[in-house]
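J.: Have a look; sequence and predicted model below, questions after that.
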Amino acid sequence: MADPKIITSSLSGPFTEGDTTVDVQIYRLEDTDWTLEVIDVDGTSTVWSDEFESAADAMDEFLLCVEDHGLARIIAASPVLWN
């Protein structure tokens, strides 16, 4: 059986707030919804427990969380599943 193909969104990439930069990863397998993962400078990963219908929905959720909680709080709670 072939390995599943991972599709990475073009919305993935670095995001900076203040002095904090993270790597935002939005990806999915061929037949699944989108996953949102944030990786900090130390390599610690925060993954949202919910999946998203579109990559844009995932990015919107990330930006809303940053607006509501701040980037530092999101990564300070790592590793944790956000929802």
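T.: It's in. Numbering: from 1, shown residues only.
J.: Distance of residue 66 relative to residue 5?
T.: 30 Å (C-beta to C-beta, to the nearest Å). Every residue, glycine included, has its C-beta placed from N, CA and C.
J.: Where does pLDDT dip in this structure?
T.: Scanning the chain for pLDDT under 70 picks out 1, 77-83.
J.: switch the cut-off to 90
T.: Scanning the chain with the threshold set as pLDDT under 90 gives 1-4, 44, 72-83.
J.: What's the local residue count around residue 26?
T.: Neighbourhood size, residue 26 [other C-beta atoms under 10 Å]: 26.
J.: related to what we said a few turns ago, okay, residue 66 and residue 5: which has more neighbours?
T.: Neighbour count, other C-beta under 10 Å: between residue 66 and residue 5, residue 66 has more, with 18 against 9.
J.: where along this protein do the helices fall?
T.: Using DSSP state H, the helices of the chain run over 55-69, 71-76.
J.: helices and strands around the first one, which ones?
T.: Read that as helix 55-69. strand 13-17, strand 20-29, strand 35-39 (3 or more C-beta pairs under 8 Å, 6 or more residues apart in numbering; DSSP states H and E).
J.: So which of these is the most surrounded?
T.: Most buried of the helices and strands packed on helix 55-69 by mean neighbour count (mean count of other C-beta atoms under 10 Å) is strand 35-39; its value is a mean of 21.
J.: So what are the sheet partners of that one and their directions?
T.: strand 20-29 (antiparallel), strand 45-48 (antiparallel) (DSSP bridges).
J.: hang on, the earlier thing: nearest to residue 26, of the helices of the chain?
T.: helix 55-69 (4.6 Å; C-beta to C-beta).
J.: which residues are in contact with the closest one?
T.: 9-11, 15, 17, 24, 26, 34-36, 38, 48, 50, 52, 74, 82 (C-beta atoms under 8 Å, 6 or more residues apart in numbering).
J.: follow-up on the earlier one: put together TSV for the helices of the chain, with distance to residue 42 on each row.
T.: Formatted as TSV, these follow (distance: least, C-beta to C-beta, whole Å):
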stretch	distance to residue 42
helix 55-69	19
helix 71-76	9
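J.: on that earlier part again, could you dump the helices and strands packed on helix 55-69 into a markdown table and include distance to residue 60?
T.: Shown next, in a markdown table, are the helices and strands packed on helix 55-69 (distance: least, C-beta to C-beta, whole Å):
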| stretch | distance to residue 60 |
| --- | --- |
| strand 13-17 | 13 |
| strand 20-29 | 11 |
| strand 35-39 | 10 |
